[in-house]
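>>> From the sequence below, what's the structure:
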Amino acid sequence: MPVQFKRLLQPLQIKSVRLKSRVVKLAQDSLYPDDASVNERTKDFYEELALGGAALIIVESTMTDYPAALSGKDGKYLRIDDDKYIPGFADMVKAMHQHHCAVFLQLGHVGPSNPAHITGVQPIAASSLSGDQKPQEKDAVARALTIPEIETIVTKWSKGVERAKRAGFDGVEIHGGHGYLINSFLSRAYNKRQDEYGPQSFQSRAKFAIDILNAARKLVGPDFVIGIRFNGTEYGLKEGMTSEETQEFAKIFEAVGYDYINVTGFGYGPSSLHLLLLPEQIRYPEPEGAAIPLAKMVKWPGVLVPPAAAIKKVVSIPVVALGSLDAERGERILREGWADLIGYGRALLADPELSKKVTEGRPEDIRPCMHCIQCLGCYDNQIPVVCQVNATLGREREFRIKSAEKKKKVLVVGAGPAGMEAARIAATRGHNVSLYDKEQKLGGLLPMAALVKGCNVEELPLLIAYFKTQLDKLGVKVNLGKEVNRSLVEELKPDVVILANGGSYATPEIKGINNNKVVSSKVIYSRLRSYLRFFSINFLRRLTNFYLPLGKTIVIIGGGIQGCQLAEFLSKRGRKVTIVESTDMLAPEMVSTTRTYLLRWLRLKGVTMLTDVKYEEITDKGITITTKDGKRQTIEAEHIIPALSLKPNNELFKALKEKVPEIYQIGDCKEPRLIIDAIADGAFVGRKI
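Take a look at the predicted model:
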């Protein structure tokens, strides 16, 4: 056992269930089911997690009260309100148990958070709240439950627990957190009842959760593990639960027979507190208001850890801590005695083998989560969850790595994310791989992106470091500072060429584009790359706060992700920025949550954002446009920066396509898109050759 992770790898007993370590995979909706039941894709996903070494996997929230508990598109969320769902769960649990992990099923009910605009169902809650009374403005008006309805839901929930036991699960977790149904009874911000379920005492507020446990125990007996998840603190609400209140609830839940407590948290209101379940996101673009002190806790000990530590002080049953944690922080939390188990969500989507790699003493091989929330962005569009850095997610069977039948000499051109992933996969399969890039460092445009976006949230340098480690370990021959051309390829004589040499810079066709006021992206990137040869990304980013060779007034041509993130970078450095965009939408490529907060921040900082414009002319004064209202105006600026998407780069492909047996184009040189697309391209081609 690696001493570095001695506590994280220590076994733990919960009743008859023995956990081989303290690593818990938290419940997260996958949106992989097709008809609300376990299908092959769902099964493959969970079996891969089990194979990766997690001690306990809590399967995603499953409905016992359909359709009231539905949290999105019908069929994409699991159900266990009927015996017909048991065989699918049983098959999945059996496959997971083969890999020596415990498996619990989370049973949830979204209650007042039911998205009525998707489900067509009126939400239900402890009380009916409307207007300013609603803790979450986005929620539809909920209907208050009657006591007979509460009793019916309790019965349905208990039957779900019994079905889970019959399906072979080792335990269940009752979801009582977030803005969901049980929480609407626990929290005085929701609960305005005047009966025995009302807010007059801790016991009456907890009665609904207690009733569920008692009803379930009658069906499954005293030995089956039943845990509860609830908010350790509620932020941004006048009558939200405090840490002192949740300590009282924890003592009650232990006394009535819950077997463990999974401590989550929740934030409300228009500020970034709403992002508390994604703790690092409250730092982007900048922490604000009540989130400022919490932002200081993101790196250590974790925003949601102190409430868990407070609960741990008053109970003897196991406590789970969570919230954007990694293996190192998990170990420290356990050593401090703040929790008994460490819950991982996105970290295990990024690398299902996190636990296995920790156990084997190779934490440097853990693929880091970028906190890009691409996975959570899938919920906005109700599509199966994907991961920026793990192209295998949700495609485990299709993307399983197999040794190459014929070992080939592979030349990869370009050390951006597409090229590095292609080289990594090809080498893993046994090919003889060489990687070339004309720049002096790995990463392609990743260092540039990190410089502009910063590393407070999305730590792209960690991704570069991960790839460097893997390429070194796999024996990939990395050649930096050397440009590939046809003569070099003829000299090397590869069997396969994978072109990942990046896109070409796009120049907008605007009269006066060659004016001295215009600073092209190519020039900016060229200068920054030269500096990055000598300085770290973080040092250079700090340096730009004091020196930046750009005027005080800047117009950015292009309001895509590049333009909006550049506007943030420049605005933070005291520039007055205007974005002009020819389409009707800014940053459509961004995850909607991130986009919403970035655009709001830009408006607050005085950034002018104009859409649906026509570019007319660039002059010594600035840029002349026609607005969507048909008005012609000139925006004065000291500098004008085109920040457009790259365009495909086919020159090397055309020069080589008749010269080598196999050739592929991936990443921006084929079709400029996002990091997630580049890595997916590399993952696919690396498996294909």
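>>> so where's this protein shaky on pLDDT?
Applying pLDDT under 70 to the chain flags the ranges 1, 270-271.
>>> let's go with 50 and repeat that
Filtered on pLDDT under 50, the chain yields no residues whatsoever.
>>> Could you point out the longest strand of it?
As assigned by DSSP state E, the longest strand anywhere in the chain is strand 225-235.
>>> Centre-most residue in the protein?
Taking C-alpha atoms, centre = their mean, the centroid of the chain lies closest to residue 373, which sits 3.0 Å from it.
>>> what sits against it?
By C-beta atoms under 8 Å, 6 or more residues apart in numbering, the contact set of residue 373 is 278, 281, 346, 591, 593, 594. (Glycine included, C-beta is placed from N, CA and C.)
>>> The third one - how many residues pack around it?
By that I understand residue 346. Neighbour count of residue 346, defined by other C-beta atoms under 10 Å: 21.
>>> again with the fourth one
Neighbourhood size, residue 591 [other C-beta under 10 Å]: 20.
>>> go on, the last one?
Using other C-beta under 10 Å as the criterion, residue 594 is surrounded by 23 other residues.
>>> I'd say it and residue 281 touch.
Yes - using C-beta atoms under 8 Å, residue 594 is in contact with residue 281, at 7.4 Å.
>>> out of the contacts of residue 373, which one sits closest to residue 129?
residue 593 (24.1 Å; C-beta to C-beta).
>>> what about the closest one, distance to residue 609?
According to C-beta to C-beta, to the nearest Å, residue 593 and residue 609 sit 18 Å apart.
>>> now stretch 14-34: how far from the chain's centre is it?
Counting by C-alpha atoms, centre = their mean, to the nearest Å, stretch 14-34 is centred 18 Å from the centre of its parent chain.
>>> start at 46 instead
With 46 as the first residue, the last one maps to stretch 59-79.
>>> in it, what's buried?
Residues of stretch 59-79 classed as buried by neighbour count (16 or more other C-beta atoms under 10 Å): 59, 62, 64-78.
>>> And for stretch 181-194?
Buried residues in stretch 181-194, counting neighbours by 16+ other C-beta under 10 Å, are found at 181, 184, 185, 187, 190.
>>> Neighbours of residue 597, how many?
Neighbour count of residue 597, defined by other C-beta under 10 Å: 11.
>>> correction: residue 554
Residue 554 is flanked by 7 other residues according to other C-beta under 10 Å.
>>> In a strand, it, correct?
No - with DSSP: H, G, I helix; E, B strand; the rest coil as the criterion, residue 554 is coil rather than part of a strand.
>>> now it: how far from residue 591?
Relative to residue 591, residue 554 is positioned 36 Å away (C-beta to C-beta).
>>> now the end-to-end length of stretch 57-72.
Stretch 57-72 has an end-to-end distance of 19 Å (C-alpha to C-alpha, to the nearest Å).
>>> Report the distance from that stretch to the chain centre.
Relative to its chain's centre, stretch 57-72 lies at 24 Å (C-alpha atoms, centre = their mean).
>>> Equivalent analysis for stretch 393-412, please.
How far stretch 393-412 lies from its chain's middle: 17 Å, per C-alpha atoms, centre = their mean.
>>> Now tell me what touches it from outside.
Where contact means C-beta under 8 Å, 6+ apart, the residues beyond stretch 393-412 that reach it are 46-47, 49-50, 53-54, 66, 68, 70, 73, 93-94, 96-100, 371-373, 389, 392, 413-415, 420, 430, 432-435, 438, 511, 514-515, 518.
>>> give me every residue that touches residue 694.
Shown in contact with residue 694 (C-beta under 8 Å, 6+ apart): 546, 547, 548, 549, 713, 714.
>>> ok, which stretches of the stretch 396-545 of the chain are strands?
In the stretch 396-545 of the chain, the strands defined using DSSP state E, counting those that start in this stretch lie at 454-458, 477-482, 522-525, 541-544.
>>> Residue 381: which of the ones you listed is closest?
Evaluated over the strands of the stretch 396-545 of the chain, closeness to residue 381 peaks at strand 522-525, with 40.2 Å, by C-beta to C-beta.
>>> list the helices and strands that closest one packs on?
Where contact means 3 or more C-beta pairs under 8 Å, 6 or more residues apart in numbering; DSSP states H and E, strand 522-525 is packed against strand 477-482.
>>> what about dumping the CA coordinates of the strand it packs on to CSV?
Extracted in CSV, the C-alpha atoms of strand 477-482 (Å, rounded to 0.1, in the frame of the first residue of the first chain):
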residue,chain,number,x,y,z
ASN,A,477,6.2,2.4,-32.9
VAL,A,478,5.2,6.1,-32.5
SER,A,479,7.1,9.3,-33.2
LEU,A,480,5.5,12.7,-32.5
TYR,A,481,6.8,15.9,-34.1
ASP,A,482,5.9,19.5,-33.6
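>>> Show residues contacting it.
Outside of strand 477-482, the residues that reach it under the criterion C-beta under 8 Å, 6+ apart are 452-460, 464-465, 468, 471-472, 489, 516, 519-529, 533, 537, 539.
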